[in-house]
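Colleague: could you work out the structure for the sequence below:
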Amino acid sequence: MLRRWLFEPVPKGRIAAFRTVVYLFVAADLVIFTPWVRSHANTPGDLYEPLLIGRLLHLPTPGPLLVHGIFWTLLALSLAAASGRAPRLLGWPVFLLYAEWMIIAMSYGKVDHDRVGLLLALAVLPTVGRARHGDREPTEAGGWALRVTQIAVICTYFLAALAKLRFGGLDWLTSGVLAQAIIRRGTGLADLIAAVPGLLILSQFGIMAFELLSPLVFVIPQRWRTAVVAFFYSFHVMVFATITISFAPHLAAMAAFLPLEKLRLRRRPTPSVEPAATG
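Modeller: So this is what the prediction gives:
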């Protein structure tokens, strides 16, 4: 039963579309969402406190050659990988370089938790092999790659709830955490919401319930699953609209839940040419 669930076949076209989304996001991440990582090329080395994996692998202290080299190489490889060609030859280097990019990014202070799903997607996509857009042939390897990515996405929610309870206890539910976030980085919409008595506390109860119940997405009927995932996306739209926190990498990975093969562009059929009448 568990194996059948983990390796539930999906159309190869879905893998091809997901692969394009993920690799294009990596390129966008480098130039739009995390361009500040390049500033670590000139950050004093004594400020570098590598994550555990960086210490275990004895990764070098970032400098200009390493940071700029990873940036340009990863940018070129991710764009090439988005084409779907040479999925293993290009996919493995993209995963390794992006993992190092994230280690550099997160080794100077705050560690973001919105990249777990994306990193896992990059790790498993090269295992699938070739997949073409629009291909309806089922693949168990592709099903496994999407499933473990989905699990990582949901773990991001569920473990976030456990962390809130671990460090804040039940008091987190009635704390001023959202009020503090609005004071620091709130928008006009957030100010309107904060003006409603009790709404922020109610929102915190809703967030906790949403995160704790998120694993239920795996047991609801398939016909409702896309609607639930749409709710997940709407939640993040609301978060960004109120306190300008973006979960862009997480949203890219969450596309593993979507039937992306249905979004492919279809070619217009070529009109047939009738033979000229003779006689």
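Colleague: what is the rounded mean pLDDT of stretch 172-191?
Modeller: Averaging pLDDT along stretch 172-191 yields 94.
Colleague: in it, what's buried?
Modeller: For stretch 172-191, a neighbour-count test (16 or more other Cβ atoms under 10 Å) marks Trp172, Leu173, Ser175, Val177, Leu178, Ala181, Ile182, Gly186, Ala190 as buried. Where C-beta positions appear, they are placed from N, C-alpha and C, glycine not excepted.
Colleague: taking these, tell me the two that lie furthest apart.
Modeller: Maximum pairwise distance in those, criterion Cβ to Cβ, is 19.9 Å, between Leu173 and Gly186.
Colleague: looking at the buried residues of stretch 172-191, spot the one nearest Tyr157.
Modeller: The shortest gap between Tyr157 and any of the buried residues of stretch 172-191 belongs to Trp172, at 15.2 Å (Cβ to Cβ).
Colleague: what's near enough to touch that closest one?
Modeller: By Cβ atoms under 8 Å, 6 or more residues apart in numbering, Trp172 lies in contact with Lys164, Leu165, Gln204, Met208.
Colleague: could you do Thr61 as well?
Modeller: Neighbouring residues of Thr61 by Cβ under 8 Å, 6+ apart: Gly45, Tyr48.
Colleague: ok, it to Ala181 distance?
Modeller: Going from Thr61 to Ala181 by Cβ to Cβ, to the nearest Å gives 33 Å.
Colleague: select only the buried ones of the contacts of Trp172 in ChimeraX?
Modeller: Selection of buried members from these for ChimeraX, criterion 16+ other Cβ under 10 Å:
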select :164,204,208
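Colleague: please list the members of the contacts of Trp172 that lie in helices.
Modeller: With helices taken from DSSP state H, the overlap with the contacts of Trp172 comprises Lys164, Leu165, Gln204, Met208.
Colleague: and the last one, how close does it get to Ala256?
Modeller: The reference is to Met208. Here the criterion is Cβ to Cβ. By it, Met208 lies 24 Å from Ala256.
Colleague: Glu8 is in contact with Trp138, correct?
Modeller: Small correction: residue 138 is Pro, not Trp. No - Pro138 lies out of contact with Glu8 (Cβ atoms under 8 Å); the separation is 9.2 Å.
Colleague: the ones in helices among the contacts of Trp172: which two are farthest apart?
Modeller: Farthest pair in the ones in helices among the contacts of Trp172 (Cβ to Cβ) is Leu165 and Gln204. Separation: 12.1 Å.
Colleague: ignoring the adjacent residues along the chain, who's closest to Thr20?
Modeller: Among residues not flanking Thr20 along the chain, Ala82 sits closest, at 5.0 Å (Cβ to Cβ, 6 or more residues apart in numbering).
Colleague: residue contacts, that neighbour?
Modeller: Per Cβ under 8 Å, 6+ apart, neighbours of Ala82: Arg19, Thr20, Tyr23, Leu24, Ala27.
Colleague: could you rerun that using 6 Å?
Modeller: Contacts for Ala82 (Cβ atoms under 6 Å, 6 or more residues apart in numbering) come out as Thr20, Tyr23, Leu24.
Colleague: before we move on, the earlier item: ok, the contacts of Trp172 vs Lys110, which is closest?
Modeller: Of all these, Lys164 has the smallest distance to Lys110: 16.6 Å, by Cβ to Cβ.
Colleague: look up how far Leu202 lies from the nearest residue to the closest one once chain neighbours are set aside.
Modeller: Spatial nearest neighbour of Lys164, chain neighbours left out: Trp172 (4.8 Å); criterion: Cβ to Cβ, 6+ apart. Trp172 sits 14 Å away from Leu202, going by Cβ to Cβ.
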